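Participant: sequence first, predicted model second:
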Amino acid sequence: MSDPREDDLRTTYEAVDDELSELRRTEEAKQAERPGTPRHAELARKAKEQADLLRRTTAVEAELADELEDNPGRAPH
C-alpha cells in the first residue's frame with residue numbers, strides 16, 4: 001500500500017503545474033492589453049490572485065516534500 005502523503009504530494013505537483021499554466025495564460029493576455037485599460041487592470045488583479053494561490057500551493061508542496069524526506073516510512077495511522 002502506498003503512502004498517502006505521496007499521493008497528496010503528486011496531487012499538489014499537478015495543482016502547481018495547473019496553476020502555473022493558468023498564470024502564464026493570464027500574463028500573456030495581460031501583456032496583449034494596453035496598460036491602463038480596465039481589461040489590463042482586471043487581468044493584473046487576476047494574475048496577482050493566481051500568484052498568491054500558487055505561493056500557497058507551493059508552500060504546501062514544500063511542506064509535504066520535507067515531511068516525506070524527514071520521515072520516508074509509511075505515514076502514521
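Facilitator: Nice, thanks for sending it over.

Participant: and residue 57, what is it in contact with?
Facilitator: For residue 57, the contact set (Cβ atoms under 8 Å, 6 or more residues apart in numbering) comprises 12, 15, 16, 19. For the C-beta atoms, the positions are set from N, CA and C on the backbone; glycine is no exception.

Participant: ditto for residue 54
Facilitator: Counting by Cβ under 8 Å, 6+ apart, residue 54 makes contact with 16, 19, 20, 23.

Participant: now swap in residue 40 and tell me
Facilitator: Residue 40 makes contacts with 30, 33, 34, as judged by Cβ under 8 Å, 6+ apart.

Participant: can you select the buried ones from those in ChimeraX?
Facilitator: Typed into ChimeraX, the line below selects the buried ones among the contacts of residue 40, using 16 or more other Cβ atoms under 10 Å:
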select :30
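
Participant: list the buried residues for the top helix by length along the chain?
Facilitator: Among the elements of type helix in the chain, defined by DSSP state H, the one spanning the most residues is helix 38-70. The neighbour-count check on helix 38-70 (16+ other Cβ under 10 Å) flags 40, 43, 46, 47, 50, 54, 57, 61, 64, 68 as buried.

Participant: re the thing from before, pLDDT, distance to residue 3 and secondary structure added to the contacts of residue 40, as TSV?
Facilitator: Listed next are the contacts of residue 40 as TSV, based on pLDDT from 0 to 100; distance: Cβ to Cβ, whole Å; DSSP: H, G, I helix; E, B strand; the rest coil:
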residue	pLDDT	distance to residue 3	secondary structure
30	97	40	helix
33	97	45	coil
34	96	50	coil
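
Participant: I am finished for the moment; much appreciated.
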